[in-house]
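[1] sequence first, predicted model second:
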Amino acid sequence: MSKNKPRDVQVFPVGTDTRVLRSRSWARLRFEIEYALAKGTTANSYLIEGDKIALLDPPGETFTQIYLESLSQRFDVTKIDYVIIGHVNPNRAATLKALREVAPQITFVCSNPGAINLRQILEDENLPIMVMKGEETLDLGKGHHLQFIPTPNPRYPDHLCTYDPQTEILYTDKLFGSHICGDQVFDEGWQVFLEDRRYYFECLMAPHARQVETALEKLSEFPTRLYAPNHGPLVRYGLIELTKAYGQWSQQQTIQDTTVALIYASAYGNTAVIAQAIAHGITKAGVRVESINCEFAEPGEIQAAVEKAAGFIIGSPTLGGHAPTPVQTALGIVLSTATNSKLAGVFGSFGWSGEAIDLIQGKLKDAGYRLGFEPIRVKFKPNDVTLQMCEETGTDFAQALKKAKKVRAPIQPATSVEQAVGRILGSLCVVTAKQGDISSAMLASWVSQASFSPPGLTIAVAKDRALEPLMHSGNQFVLNILKEGNHLGLMKHFLKPFAPGENRFAEVASQDTDNGCPILNDALAYLECSVQSRMEVGDHWLVYASVDNGDVLNLDGVTAVHHRKSGTHY
């Protein structure tokens, strides 16, 4: 299928009286904070035709027209009885309004927080809604007696899963998804989707690992043959393995002994997206996030999270020149609970002046707190570059907490094994990558040739590196091999700490290659590479890439080599 193919809707039967409508785009559509991948997306919606008709999770406005056209060609839209919504997204308003125009009898089915949001985005306080709190069921007839499982988390406080015992399909909404477009409806050869599903988990679910574990426990009570998520292939063949993986990935987060309390509210979703990007950066660095949406959290929950956290970050929109009441309440709890030795941070989005950010910053400074970064101020909706900056800010914040903890701990001498591992030599290189407006680079010495035909190599990339999001399957990069005797300047430059979002190439001579990534003019040689796969290895990703092109820039030069005395650090 051509990536230049226009958007379409793929319709396929997935169970008795049940079809999926997969709104597809091969062009890049950014969802949430997944700016690093550009594999298109599918927005999955489901139609159950019992004696009553239910439509689950219509897509956002990007697909409104083609979705309704496709639905109308196969089904009398005027007969829809229920629209079930796993989470309410303002982006869906256009589609929901269009459905109501042709089927005004529709009753919406969602959670209680979802009902509040739904009335707001559809601007109708009298909207017919069935609120599902967990005990209620919905009988569509023909055996489709739907059950509902609330699975809220701070990012999606209205999150609701739906189970159909007739087909044993579990409609999981945001859980178990991936942003990838293709012709496969189900996940045959499920291993090839694992990297994309893992990245989706890291971006959207890792900051809410505790809530994910609770959701998994709830969902385990329902005998299931198929997960039907909002995005990506439906999960049939890898269902058991993916469920186990979600448990393992969640546990990796919850066992971390250093925690950041991330407290926020969001008026239009923009502050929540910023919070998610910061949280992703924190979790990448091996620090746990206790994410709290203060619009829905109890005061005791906020207090408990702040008490056990090593640091905290507060985010707020600006409404009428002020922070909303839930944020002000949460700020009061923080000021009365957290010792001022804890590292703090502030962020927010706004439409005009952003007074709420200044208010929070001022209160924290007056109380003697040290800020781990300059307050993040985002006007309107954050773009990819802004989200990269937010993610890097989160990583820096987490690393500062870990560094403070190491300073307090006694330094142990390297063991004989660690000294021996340190004797493994590696050539000094700089990896450079660019995707759209986002670029990054890192100094690397854990590089090795891996294959002759096709020529390929491996690079170990630490999980918390700023470059890491640009090193997924399908991405391209350049490996710049440094020259002995001419490497110290470049080594010093790329070893220095960069501010979040800072241009790594402002002070070095470089030029773009055919794949769009920079070549360093002072390199000994360069290789243009395409990432084929990657494997998780402890605190690093091992990236395998094929070599597409390259050249030696200095035929008389010798490769610079990195000598170490210990295998515990670079």
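    Received the coordinates, thanks. Numbering: from 1, shown residues only.

[2] quick one: Cys294 from Pro324, how far?
    From Cys294 over to Pro324 the distance is 9 Å, taken as CB to CB, to the nearest Å. Every residue, glycine included, has its C-beta placed from N, CA and C.

[3] neighbour count for these two, which is higher?
    A count of neighbours by other CB atoms under 10 Å puts Cys294 above the other of Cys294 and Pro324, at 26 against 20.

[4] surely the more buried one and Ala261 touch.
    No - between Cys294 and Ala261 there is no contact under CB atoms under 8 Å: 10.7 Å.

[5] so what sits against both of these two?
    Counting by CB atoms under 8 Å, 6 or more residues apart in numbering, the contacts common to Cys294 and Ala261 are Ile302.

[6] follow-up on the earlier one: common neighbours of Cys294 and Pro324, please.
    The contact sets of Cys294 and Pro324 overlap at Ala265 (CB under 8 Å, 6+ apart).

[7] lowest-pLDDT helix or strand in the protein?
    helix 416-421 (a mean of 87; mean pLDDT, DSSP states H and E).

[8] buried sites along that helix?
    Glu418 (16 or more other CB atoms under 10 Å).

[9] which other residues reach it?
    Counting by CB under 8 Å, 6+ apart, Lys565, Ser566, Gly567, Thr568 sit against helix 416-421.

[10] which helix is the longest one in this structure?
    helix 384-408 (DSSP state H).

[11] all strands for the stretch 51-200 of the chain, in order.
    53-56, 82-84, 107-110, 129-131, 137-139, 145-150, 160-164, 169-173 (DSSP state E, counting those that start in this stretch).

[12] distance from the second one to the middle of the chain?
    A distance of 27 Å separates the C-alpha centroid of strand 82-84 from that of its chain, computed with CA atoms, centre = their mean, to the nearest Å.

[13] what packs against that strand?
    strand 53-56, strand 107-110 (3 or more CB pairs under 8 Å, 6 or more residues apart in numbering; DSSP states H and E).

[14] dump those strands into CSV; add mean pLDDT and mean neighbour count as well.
    Conversion of the helices and strands packed on strand 82-84 to CSV gives the following (pLDDT from 0 to 100; neighbours: other CB atoms under 10 Å):
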stretch, mean pLDDT, mean neighbour count
strand 53-56, 97, 23
strand 107-110, 97, 22
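
[15] relative to Gly538, which of the ones you listed is closest?
    strand 53-56 (39.7 Å; CB to CB).

[16] before we move on, the earlier item: what strands flank the following helix or strand past the least confident helix or strand of the chain, and is each parallel or antiparallel?
    Per DSSP states H and E, helix 416-421 leads on to strand 426-427 as the next helix or strand towards the C-terminus. Applying DSSP bridges to the sheet, strand 426-427 is found paired with strand 561-562 (antiparallel).

[17] to Gln449, which of the helices and strands packed on strand 82-84 lies closest?
    strand 53-56 (49.6 Å).

[18] which residues touch that closest one?
    Strand 53-56 is contacted from outside by 45-48, 71, 79-86, 99, 109, 138, 140, 144, 146, 162, 171, 228, using CB under 8 Å, 6+ apart.

[19] among those residues, the buried ones, what's the ChimeraX command?
    To isolate the buried members of the contacts of strand 53-56 in ChimeraX, using 16+ other CB under 10 Å:
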select :45,46,47,48,71,80,81,82,83,84,85,86,99,109,138,140,144,146,162,171,228
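
[20] just the buried ones from the contacts of helix 416-421, in ChimeraX syntax?
    For anyone working in ChimeraX, the buried entries among these, judged by 16+ other CB under 10 Å, can be selected with:
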select :567
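
[21] pLDDT wise, what is Leu29 at?
    On pLDDT, Leu29 comes in at 63.

[22] with distance to Phe397 added, can I get the helices and strands packed on strand 82-84 in TSV?
    Converted to TSV, the helices and strands packed on strand 82-84 look like this (distance: least, CB to CB, whole Å):
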stretch	distance to Phe397
strand 53-56	38
strand 107-110	35
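
[23] between the ones you listed, which gets nearest to Gly281?
    Among the helices and strands packed on strand 82-84, the nearest to Gly281 by CB to CB is strand 107-110 (31.1 Å).

[24] need the contact list for Met491.
    Leu428, Leu443, Leu482, Ala560.

[25] most neighbours, which of these?
    Leu482 (28 neighbours).

[26] just list the residues touching that one, thanks.
    Leu482 neighbours (CB under 8 Å, 6+ apart): Ser427, Leu428, Cys429, Val430, Leu490, Met491, Ala523, Leu524, Thr559, Ala560.

[27] ok, Val378 next?
    Asn270, Ile274, Phe347, Gly348, Ser349, Phe350, Thr386.

[28] show me this protein divided up by domain.
    Domains of the chain are assigned by automatic domain parsing as 8-253, 256-407, 416-562.

[29] show the model's pLDDT score for Tyr227.
    At Tyr227, pLDDT is 98.

[30] got it, and Tyr35?
    Listed pLDDT for Tyr35 reads 50.

[31] and the gap between the residue nearest the centre of the chain and Asp551?
    Centroid-nearest residue in the chain, with CA atoms, centre = their mean: Cys203, separated by 1.6 Å. Noted for Cys203: a distance of 36 Å to Asp551, by CB to CB.

[32] likewise Gly332?
    Between Gly332 and Asp551 the distance is 62 Å, computed by CB to CB.

[33] how about His144?
    Separation of His144 from Asp551 (CB to CB) stands at 63 Å.

[34] likewise for Leu219?
    Distance from Leu219 to Asp551, by CB to CB: 53 Å.

[35] of these two, who's got more company?
    Between Leu219 and Asp551, counted using other CB under 10 Å, the more crowded position is Leu219 (20 against 11).

[36] the more buried one touches Ile149, doesn't it?
    Yes - between Leu219 and Ile149 there is a contact under CB under 8 Å: 6.5 Å.

[37] now do the helices in the stretch 401-550 of the chain.
    Counting by DSSP state H, counting those that start in this stretch, the stretch 401-550 of the chain has helices at residues 416-421, 488-495.

[38] dump those helices to TSV, plus distance to Gln253.
    Formatted as TSV, the helices of the stretch 401-550 of the chain follow (distance: least, CB to CB, whole Å):
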stretch	distance to Gln253
helix 416-421	27
helix 488-495	29
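
[39] for these, which one sits closest to Cys390?
    Taking CB to CB, helix 488-495 is the member of the helices of the stretch 401-550 of the chain nearest to Cys390, at 22.2 Å.

[40] so what's Phe63 closest to, chain neighbours aside?
    Leaving out its chain neighbours, the residue that sits closest to Phe63 by CB to CB, 6 or more residues apart in numbering is Ser23, at 3.8 Å.

[41] state the distance from Asn340 to Phe373.
    17 Å.

[42] and for Ala310?
    Distance of Ala310 to Phe373, computed by CB to CB: 15 Å.

[43] that older thread, okay if I get the strands of the stretch 51-200 of the chain as TSV plus distance to Ile519?
    Listed next are the strands of the stretch 51-200 of the chain as TSV, based on distance: least, CB to CB, whole Å:
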stretch	distance to Ile519
strand 53-56	49
strand 82-84	52
strand 107-110	52
strand 129-131	58
strand 137-139	60
strand 145-150	52
strand 160-164	49
strand 169-173	44
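
[44] any idea which of those strands gets closest to Phe498?
    Closest approach to Phe498 among the strands of the stretch 51-200 of the chain is made by strand 169-173 (37.1 Å; CB to CB).

[45] what's near enough to touch Ser546?
    In this structure, Ser546 makes contact with Pro454, Pro455, Gly456, Cys529, Ser530, Gln532, judged by CB under 8 Å, 6+ apart.
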